[in-house]
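> Sequence and predicted structure, then a few things I'm wondering about:
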Amino acid sequence: MPEDAGEAALQQVLLLVGRLNYTWTNTESLLIHVIAGLAGVDKDVAVVIFLTLNTTRARVDMVNRLAKMERCPDDQRQAVLKLTTALMREAALRNRYNHCIYSFDPEDGQIQTIMMRIQDRKHDIQVGKMQPVDDAESRNIEKAIGRLQALNHDFWALVREYGYPA
């Protein structure tokens, strides 16, 4: 593969990952409105809570726990839990592309991710797991972006339906 074509392929992957990150962050930030509504606070307080919880897992746990409180009506609880479950389903792919380095072979044009975390096994550890970013994987990322966009719309519908601070 010519070097220019390989560089272009790498740039396309990086643009795709950028779109994934943008869509993810934009959608995750809607948890601010859900926190405000469930906790009965204004949006500014919810922003402080959201930013204090420094991981997606912590933010989703907070939202889920607020939704599971007795004072939350069952229909609202179910609607919130459905959306947070869908959000966390998308987290694995997003995390894969945010906790890796990218390897590019200029000779064959192969782009790979190299995981930057330790995987603990029963009797050993694994580091640096490599996975190709081929056309099928690029389509998988595109589909995830589409699901996140739909989820974004669903979160906004929830905010409107239950009158959460916007």
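Yep, that arrived. Quick caveat: nothing in here was measured; it's all calculated off a predicted structure. Numbering: from 1, shown residues only.

> I'd say Val159 and Ala36 touch.
No. The criterion here is C-beta atoms under 8 Å, and Val159 misses it with Ala36 at 9.0 Å. Placement of C-beta: from N, CA and C, glycine included.

> quick one, what contacts Phe155?
27, 30-31, 33-34, 83 (C-beta atoms under 8 Å, 6 or more residues apart in numbering).

> Same question for Leu16.
Contacts of Leu16 by C-beta under 8 Å, 6+ apart are 138, 141-142, 145.

> Okay, helices next: where are they in this protein?
Secondary structure of the chain by DSSP state H: the helices cover 3-28, 31-39, 43-52, 56-67, 74-89, 91-98, 135-162.

> Name the stretch among these that sits most buried.
Each of these was scored by mean neighbour count; the highest is helix 31-39, a mean of 23, by mean count of other C-beta atoms under 10 Å.

> contacting residues around it?
By C-beta under 8 Å, 6+ apart, helix 31-39 touches 41-43, 45-47, 49-50, 59-60, 62-63, 66-67, 69, 72, 80, 83, 155, 158-159, 162-166.

> same check, this time on stretch 84-102
In contact with stretch 84-102 (C-beta under 8 Å, 6+ apart) are residues 10, 13-14, 17, 20-21, 24, 27-28, 56-57, 60, 63-64, 67, 111-117, 131, 133, 140-141, 144, 147-148, 151, 154.

> doesn't Glu70 make contact with Arg77?
No. Contact between Arg77 and Glu70 fails when scored by C-beta under 8 Å: they sit 9.8 Å apart.

> residues shared between the contacts of these two?
Joint contacts of Arg77 and Glu70 (C-beta under 8 Å, 6+ apart) do not exist.

> so where's this structure shaky on pLDDT?
1-3, 5 (pLDDT under 70).

> and if we set it to 90?
1-13, 96-121, 124-135 (pLDDT under 90).
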